[in-house]
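Colleague: No letters, just coordinates:
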């Protein structure tokens, strides 16, 4: 949902939002910091940005955070895998998936084996104690995990399959991109990553002129499309995870259901 307001009197953005929504300036700054504010269709995250008469301010309302949205898709005595909603961080913070599961499963030793960006949905794997975490982390570092993501991006791809092999922060990074569908100025990709660098898929897709829809850092600067304005988070989903379970001596294949907001964008694009 997008709320639209018209500026009648010049004001700093933070003050305008506080007055218009009848909230405190701190609350207004939190909204601006979330990068869900557009001024004349451009994303603005500077609280002191000076508005002019006639400017149009749009506020994209993100999904509410709800710990009940966390769905366990696999669990044994060693690990638990969940379908992370796009509203929660993976670990360390009080309202993280890690923290919520510690309470839910009554196990203070639960620890996230890897991380997903807050706005990325999909499979997140957690260990039930530190020794298990260390063993799985070694497996992760040795690149013995099959990781498949889904992404909705701007611009229609001119390729069917493409491998992006370009460093991120001075380290090797490889992403294999497969086009699933395209049309209406957008592309739907399947992305398999060999490495797991920070923001790898987001950076790699942006580097080939296919930034992910809803990406507030590497995405398009001006949002003129009505659909894109309604998207409150990046359209990136960790869809499949496959690995050899070191304790059970068997291969484990996990799939995370695509969330409703992601499906809604696909349906809108007739994908």
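Modeller: Received, thanks. All values derive from a computational prediction rather than experimental measurement.

Colleague: Could you use CA atoms for every contact and neighbour count after this?
Modeller: Will do.

Colleague: Just give me the neighbour total for residue 199.
Modeller: Neighbour count for residue 199, taken as other C-alpha atoms under 10 Å: 12.

Colleague: which intervals of the stretch 101-250 of the chain have sub-threshold pLDDT?
Modeller: Confidence mapping of the stretch 101-250 of the chain against pLDDT under 70 gives the ranges 142.

Colleague: how about the helices of it, start to end?
Modeller: Per DSSP state H, counting those that start in this stretch, the stretch 101-250 of the chain has helices spanning 130-141, 200-207, 226-230. These are given in chain order.

Colleague: Could I get the buried residue list for stretch 241-248?
Modeller: By neighbour count with 16 or more other C-alpha atoms under 10 Å, stretch 241-248 contains the buried residues 241, 243, 244.

Colleague: and what of stretch 98-109?
Modeller: Of all the residues in stretch 98-109, those buried under the rule 16+ other C-alpha under 10 Å are 98, 99, 100, 101, 102, 109.

Colleague: Leaving out the residues flanking it, which one is nearest to the fourth one?
Modeller: Think residue 101. residue 110 (7.4 Å; C-alpha to C-alpha, 6 or more residues apart in numbering).

Colleague: ok, now which ones touch the one you found?
Modeller: For residue 110, the set of contacting residues under the criterion of C-alpha atoms under 8 Å, 6 or more residues apart in numbering consists of 98, 101, 102, 126, 127, 128, 129, 130.

Colleague: Now flag whichever of those is closest to residue 90.
Modeller: residue 98 (6.2 Å; C-alpha to C-alpha).

Colleague: quick one, phi psi at the closest one?
Modeller: Note on residue 98: its backbone torsions stand at phi -60, psi -50 [degrees, to the nearest 10].

Colleague: Roughly how far does the closest residue to residue 236 other than its chain neighbours sit from residue 199?
Modeller: In space, residue 236 comes closest to residue 151 once its chain neighbours are excluded; the distance is 4.6 Å by C-alpha to C-alpha, 6+ apart. According to C-alpha to C-alpha, to the nearest Å, residue 151 and residue 199 sit 13 Å apart.
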